[in-house]
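J.: fold the following and give me the result.
(one chain, ligands or ions: 2)
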Amino acid sequence: MSNPYTLVFGQPPLEVVERTAQAERIVSDFCQERPSNYLNLVTGIRGCGKTVFITQIAHRLREKPEWIVVDLNAQRDLLYSLAAKLASHQTLSQWFQEAEINLQAFGVNVGLKKAPAATDIEDVLIRMLRSIQKHHLRVLVTIDEATNSREIRAFASAYQIFIREGLPVFLLMTGLYHQIERLRNAEGMTFLERAPRTVLAPLSFIPMVRKYMETLKISEEKATRLAKATKGYAFAFQTVGYFCWEYPENENEAMSRARDYLSEFAYQKIWSELSKNDRDVVLAVQRVPSGEISGIRSILGWTSNQFNPYRDRLLKTGVLMSPQSGYVSLALPWFGEVAVNFEEINNA
Ligand SMILES: Nc1ncnc2c1ncn2[C@@H]1O[C@H](COP(=O)(O)OP(=O)(O)OP(=O)(O)O)[C@@H](O)[C@H]1O
Ligand SMILES: [Mg+2]
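T.: Residues are numbered from 1 along each chain as shown. Ligands and ions are numbered 1, 2, ... in the order given. The predicted structure follows:
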């Protein structure tokens with residue numbers, strides 16, 4: 001049997017730890033007869049499992065006959081892509097023809113003489129969505145890795161109109177915390193401020209232990225140790241599983257390879273996106289094993305007022321976690337020691 005764990009990002013892994021509660025909340029919100037939420041912004045640090053999470057929700061809704069799921073590429077012209085994908089859907093394109101929506105602009109030759117060629121893409125989409133609504137279907141649009149780009153802003157402002165028109169179009173969008181913040185603060189995007197958000201929680205502990213026991217054929221004690229080491233970080237769950245499979249007799253070797261892999265393929269990038277002060281906070285947290293904030297502040301020589309904004313942002317981005325009030329710790333496994341290495345290399 002080959003290694004059941006994967007080191008590849010974004011790929012639905014063989015061994016999935018379900019995020020049942022968070023997924024269920026979105027699915028049941030979207031499936032309500034009169035939904036009060038039409039969109040959800042999913043955030044979390046790199047490698048925490050955003051792509052896998054929305055892929056799974058998309059998969060669940062795709063299985064229901066009343067849903068049409070469209071995955072859009074954040075780099076493209078999103079409105080055009082949405083219209084083109086809907087137009088190329090066999091059943092829908094028939095309905096669109098009946099509704100006399102001219103689809104020639106999307107490469108669909110409908111042989112309609114009387115409908116004028118569509119010029120305003122928003123109008124076309126509104127007509128398409130009305131036709132979909134008439135047949136009691138719903139559309140889910142997923143956009144992975146959203147940023148504050150022109151394409152996303154154009155899509156979001158049209159989307160706002162679709163919702164205002166009462167059209168059955170739902171939006172599930174992922175992004176890193178700071179990217180989603182920038183988007184929400186952009187002009188005309190105030191409706192996103194009220195949008196429900198899902199901050200992906202760490203993977204659940206007991207299912208992780210169970211997966212490790214089953215796949216690696218190891219004792220509960222060892223599986224518990226491995227699961228604890230991952231801190232519920234999805235990428236670490238895969239990496240630790242992968243190297244423990246490759247080195248079944250040598251736990252130390254497996255863990256050190258897992259740490260090096262995380263460092264190279266996730267932490268370097270995360271570190272490069274932190275400001276100098278953010279980095280100083282991370283290094284100070286690493287030096288205070290208890291995580292007591294007063295100790296961390298005294299290393300930094302900062303007042304509470306200076307410290308709090310950094311703590312808040314690092315908590316939101318998923319670099320820190322707060323086990324209890326007055327304490328913080330690093331949310332990612334081995335991140336502190338890897339950060340110390342990065343800093344040494346920087347200063348060398
Ligand atoms: N629920 C899960 N259970 C087990 N492994 C998971 C789960 N979700 C994600 N993974 C694994 O974690 C890794 C990262 O997942 P994913 O690519 O979805 O993260 P991401 O948040 O989209 O990262 P990025 O911000 O870089 O796009 C992948 O190897 C994936 O297989
Ligand atoms: Mg992703």
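J.: and the pLDDT at the nearest residue to S131 once chain neighbours are set aside?
T.: Excluding its sequence neighbours, the residue lying closest to S131 (Cβ to Cβ, 6 or more residues apart in numbering) is A99, at 4.4 Å. Any C-beta I mention is one placed from the backbone N, CA and C, and that applies to glycine too. Looking at A99, its pLDDT reads 77.
J.: for whichever residue of the chain sits closest to ligand 1, phi and psi?
T.: With distances taken as Cβ to the nearest ligand atom, the chain approaches ligand 1 most closely at G49, which sits 2.8 Å away. As for G49, its main-chain torsions (degrees, to the nearest 10) stand at phi 110, psi 30.
J.: ok, it - how many residues close by?
T.: The local packing count at G49 equals 29, with neighbours defined by other Cβ atoms under 10 Å.
J.: can you check R225 too?
T.: So R225, with other Cβ under 10 Å, has 15 neighbours.
J.: and the next element down the chain from the helix or strand that it is a member of?
T.: Assigned by DSSP states H and E, R225 falls within helix 220-230. Next along the chain after helix 220-230, taking DSSP H and E as the criterion, comes helix 234-246.
J.: pop the domain breakdown of the chain in here.
T.: Under the assignment named as automatic domain parsing, the residue ranges that make up the domains of the chain are 20-199, 205-271, 274-347.
J.: these: which one's closest to N3?
T.: domain 205-271 (4.8 Å; Cβ to Cβ).
J.: roughly how far out does the closest one sit from the chain middle?
T.: From the chain centre to the centre of domain 205-271 is a distance of 21 Å (Cα atoms, centre = their mean, to the nearest Å).
J.: is ligand 1 contacted by that domain?
T.: Yes: where contact is defined by Cβ under 6 Å from any ligand atom, part of domain 205-271 touches ligand 1, namely A234, F235, F237, Q238.
J.: dump these to JSON lines, plus neighbour count, distance to Q56 and pLDDT.
T.: Putting the residues of domain 205-271 next to ligand 1 into JSON lines (neighbours: other Cβ atoms under 10 Å; distance: Cβ to Cβ, whole Å; pLDDT from 0 to 100) gives the following:
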{"residue": "A234", "neighbour count": "26", "distance to Q56": "12", "pLDDT": "97"}
{"residue": "F235", "neighbour count": "24", "distance to Q56": "16", "pLDDT": "97"}
{"residue": "F237", "neighbour count": "29", "distance to Q56": "15", "pLDDT": "98"}
{"residue": "Q238", "neighbour count": "28", "distance to Q56": "15", "pLDDT": "98"}
